[in-house]
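Colleague: The sequence and its predicted three-dimensional model are supplied below.
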Amino acid sequence: MARFHNRKKKVFVKPIVKKQQQQQPNVDHITGNKIPKSFVFSRGKLPGPLRQLQMDLRKLMLPYTALKLKEKKRNNLKDFLNVAGPMGVTHFLILSKTETSPVLRVAKTPQGPTLTFKIDEYSLAVDISQSQLRPRCPQDLFKNPPLIVLSGFAAADEQLRLTTTMFKNIFPDIDINTVKLSSCQRIVLLNYNKDTKLIDFRHYSIRLQPVGVSRRIRKFVQNHQVPDLRNLQDVSDFVTKAGYGSESEADEEAATVTLTSDLSRVNRASTKSAVKLQEIGPRMTLQLTKIEGGLCAGEVMFSEYGNGGNKKKPGNEEGNEKEDGENDGQMEDSDEDDEADNEEDMEEGEED
């Protein structure tokens, strides 16, 4: 009689390998300069529209920012500063709300300076999109940082020179000899009006449109869709038929460039393409009110209201001084476990 042995089958267990998180580089491999990174957060309680403006600014600063940065009420500037060093964060964009108007502070870590702007007017990205007939926002639009364009800042005033330097250093440098045209998809434009002393802050997407190609042909090549020719006598009618948009809108010589590389099926190398800018928001009108030598504190280097000099400010922006003072006291009295929790929360938001 045959004997049956109860042999246990070996079960193959696939090892669990944690997906390595992609670490963003700290140094540009082309220029060798340190890549600026930013935190966009708030101080004090913000109303709903300003919270949405904060999210719009985070998207604008992509990819070198924490899009899902987690904040808690007990977090203060020291908490963000402690995390900024290991993560290579070089700038803070801080939103707050006073009794009179919203305020945006742009600070260089870890020791300043800090530029304080009064937000006279602002429009959210969703407002800009709803006002357009054909809003445009490709999936890879925020894959690369935007280009910075400054206009009207060529003045001898020290505060304007410092403002120019601050905004130039917020975004990564580019090498015009090695930069890829496909990575240049967004522009941040700052225009200074010397008469009103206001800065118009705009955010655009860049779109290239081939010159000399009808809109029908361009749409046909881009969408890969078979056109409807049932009501036409000949294929040439599809090409030459008028009334489908403006056929000469991209033929302005002042707005055309000659491409050095292929960008798409219709924008090929050695061909002329028209540069089109489409606003994607957010939009702000800023007024520079104060420049401080430190990180949201220190010597007042400039004040729009005539309170300049060597005065030192013990707290932060009006409306948040008391809260920041209380937070600083809580930070000194808190134990190391609370600091570790704050750091873990911010790191989780940065990794997301």
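Modeller: Structure received. Residues are numbered from 1 along each chain as shown.
Colleague: mind listing the helices for the chain?
Modeller: 48-60, 77-87, 125-130, 158-170, 215-223, 235-240, 321-333, 336-351 (DSSP state H).
Colleague: Least reliable of these by average pLDDT, please.
Modeller: For these, mean pLDDT drops lowest on helix 321-333, to a mean of 41.
Colleague: Spit out the contact partners of the closest residue in space to D120 that isn't next to it in sequence.
Modeller: In space, and not counting its chain neighbours, D120 is closest to T285: 4.5 Å by CB to CB, 6 or more residues apart in numbering. Heads up, the C-betas are built off the backbone N, CA and C, glycines and all. Contact analysis of T285 by CB atoms under 8 Å, 6 or more residues apart in numbering lists I119, D120, E121, Y122, L198, I199, D200, F201.
Colleague: likewise E279?
Modeller: I128, Q132, R202, H203, Y204, S205.
Colleague: For the first one, which non-adjacent residue is closest in space?
Modeller: In this case it means I128. In this structure, I128 finds its nearest non-sequential neighbour in G281, 3.6 Å apart by CB to CB, 6+ apart.
Colleague: That neighbour and S123 touch, don't they?
Modeller: Yes. Using CB atoms under 8 Å, G281 is in contact with S123, at 6.2 Å.
Colleague: who has more neighbours, the two?
Modeller: G281 (23 against 17; other CB atoms under 10 Å).
Colleague: What distance do you get for I199 to T289?
Modeller: I199 sits 11 Å away from T289, going by CB to CB, to the nearest Å.
Colleague: Mutual contacts of these two, please.
Modeller: Contacts common to I199 and T289, judged by CB under 8 Å, 6+ apart, are F117.
Colleague: more neighbours, these two?
Modeller: More crowded of I199 and T289, by other CB under 10 Å: I199, with 23 against 17.
Colleague: Just to check, that one is in contact with V188?
Modeller: No. Under the criterion of CB under 8 Å, I199 makes no contact with V188, lying 11.7 Å away.
Colleague: T116: what's it in contact with?
Modeller: If you count contacts by CB under 8 Å, 6+ apart, T116 has them with V103, L104, R105, L288, T289, K290, I291, E292, E317.
Colleague: Beta-bridge partners for it, please?
Modeller: Beta-bridge pairing for T116 (DSSP bridges): R105, K290.
Colleague: Look up the pLDDT of it for me, please.
Modeller: pLDDT at T116 comes out at 97.
Colleague: what does S183 give?
Modeller: 84.
Colleague: D79 versus that one, what's the distance?
Modeller: S183 is 34 Å from D79, by CB to CB.
Colleague: Just want to know which of these two has more residues nearby.
Modeller: The residue with more neighbours, out of S183 and D79, is D79; 23 against 13, by other CB under 10 Å.
Colleague: if I look at the residue nearest to D120, how far off is Y122?
Modeller: T285 sits at a distance of 7 Å from Y122 (criterion: CB to CB).
Colleague: again, but for K194
Modeller: Applying CB to CB to K194 and Y122 gives a distance of 22 Å.
Colleague: higher neighbour count, those two?
Modeller: Taking other CB under 10 Å, K194 and Y122 do not tie; Y122 has more neighbours (19 against 12).
Colleague: tell me which residues in stretch 166-184 are buried?
Modeller: M166, F167, N169, I170, F171, P172, D173, I174, L181, C184 (16 or more other CB atoms under 10 Å).
Colleague: what do you get for stretch 277-296?
Modeller: By neighbour count on 16+ other CB under 10 Å, the buried set for stretch 277-296 is 279-286, 288-296.
Colleague: Which ones among these lie within strands?
Modeller: Applying DSSP state E to these, the entries found in strands are E279, R283, M284, T285, L286, L288, T289, K290, I291, E292.
Colleague: now these as JSON lines including distance to K34?
Modeller: Output for those, formatted as JSON lines (distance: CB to CB, whole Å):
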{"residue": "E279", "distance to K34": "30"}
{"residue": "R283", "distance to K34": "30"}
{"residue": "M284", "distance to K34": "27"}
{"residue": "T285", "distance to K34": "31"}
{"residue": "L286", "distance to K34": "26"}
{"residue": "L288", "distance to K34": "26"}
{"residue": "T289", "distance to K34": "29"}
{"residue": "K290", "distance to K34": "27"}
{"residue": "I291", "distance to K34": "23"}
{"residue": "E292", "distance to K34": "23"}
